[in-house]
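# Any chance you could fold what I've pasted below:
(2 chains)
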Amino acid sequence: AQSVAQPEDQVNVAEGNPLTVKCTYSVSGNPYLFWYVQYPNRGLQFLLKYITGDNLVKGSYGFEAEFNKSQTSFHLKKPSALVSDSALYFCAVRAPGGSARQLTFGSGTQLTVLP
Amino acid sequence: SQTIHQWPATLVQPVGSPLSLECTVEGTSNPNLYWYRQAAGRGLQLLFYSVGIGQISSEVPQNLSASRPQDRQFILSSKKLLLSDSGFYLCAWRTPGATYEQYFGPGTRLTVT
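Below you'll find the model as predicted:
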């Protein structure tokens, strides 16, 4: 079985400061990992993914994520937070060779960037 | 480019009434399609997924059903709504055999009164 944990329900950061949203996973084999963002009353938007290759993955809106196999983590980062980054963030995992059922999502982390 | 539509955007229905939510995808063929429910603005619960016309897999036993009458059309239904069916319903698609991310529609906010 595959699972993903987002240990923080809420993350607050001041505008201009770096932000980190944490994600850890459990899966058999090499994972496929994803980050999504959701603004209020909107669908989820795909930010970035790790499939293979470089452990540092760059995505939309200046976000990046670092895959750490030894720590089974895939934390989302941004060097300088914007107020407009305030949203709900979801991490997701898929095991290789999985069925069409595919992605398992974390419970979400609410990011608030304070002006 | 691909786009995904959901309607209606919002819906208020009384308990015991029927439900029909529709999702359509444009710009792709034979997508995998998914219905999720999000309660209280948090975690996503996969309800149904489909790998082709008429092929529906149910993840959680419940008051809902899904159908895929056309390649790019996915419908979520209920014969009699319960209060607990309230939530934010999201449709998603992915291209099978390609990259693994799913792409989500704008969602339908359902309130059962």
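
# near chain A at all, stretch B:27-37?
Yes: Stretch B:27-37 reaches chain A (C-beta under 8 Å from any C-beta of the partner chain) through B:N32. No exception for glycine: its C-beta is placed from N, CA and C like everyone else's.

# Quick one: end-to-end distance for that stretch.
Stretch B:27-37 has an end-to-end distance of 25 Å (C-alpha to C-alpha, to the nearest Å).

# B:Q45 is in contact with B:R37, correct?
Yes: counting by C-beta atoms under 8 Å, B:Q45 is a contact partner of B:R37 at 4.9 Å.

# Can you give me every residue that contacts the residue in chain A that chain B sits nearest to?
Residue of chain A nearest chain B, by C-beta to the nearest C-beta: A:G43 (3.7 Å). A:G43 sits next to B:Q6, B:L90, B:A92, B:F104, B:G105, B:P106, B:G107 when contact means C-beta atoms under 8 Å, 6 or more residues apart in numbering or on different chains.

# Narrow these to those that are buried.
Among the contacts of A:G43, the ones that count as buried by 16 or more other C-beta atoms under 10 Å in any protein chain shown are B:Q6, B:L90, B:A92, B:F104, B:G105, B:G107.

# Among the residues you listed, which ones lie close to chain A?
Answer for those near chain A (C-beta under 8 Å from any C-beta): B:Q6, B:L90, B:A92, B:F104, B:G105, B:G107.

# how about those in TSV, adding secondary structure and distance to A:S3?
Listed next are these as TSV, based on DSSP: H, G, I helix; E, B strand; the rest coil; distance: C-beta to C-beta, whole Å:
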residue	secondary structure	distance to A:S3
B:Q6	strand	28
B:L90	strand	20
B:A92	strand	20
B:F104	strand	21
B:G105	coil	25
B:G107	coil	25
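
# closest to A:L76 among the residues you listed?
B:F104 (17.6 Å; C-beta to C-beta).

# What pLDDT does the model give the closest one?
Here the pLDDT value assigned to B:F104 is 97.

# Kindly report the same for the one 5 residues further on.
With respect to pLDDT, B:R109 scores 95.

# Please apply the same query to A:G53.
Looking at A:G53, the pLDDT reads 87.

# Specify the local secondary structure of it.
coil (DSSP: H, G, I helix; E, B strand; the rest coil).

# Kindly list the main-chain dihedrals of it?
Dihedral angles of A:G53 (phi, psi; degrees, to the nearest 10) stand at phi 100, psi -140.

# Count the residues that sit near it.
Other residues lying near A:G53 total 8 when counted by other C-beta atoms under 10 Å in any protein chain shown.

# any idea how far it lies from A:F90?
Distance, A:G53 to A:F90, by C-beta to C-beta, to the nearest Å: 23 Å.

# Spell out which parts of chain B neighbour chain A.
Residues of chain B lying close to chain A by C-beta under 8 Å from any C-beta are B:6, B:32, B:41-44, B:46, B:49, B:51, B:57, B:59, B:88, B:90, B:92, B:94, B:96, B:99-107, B:109.
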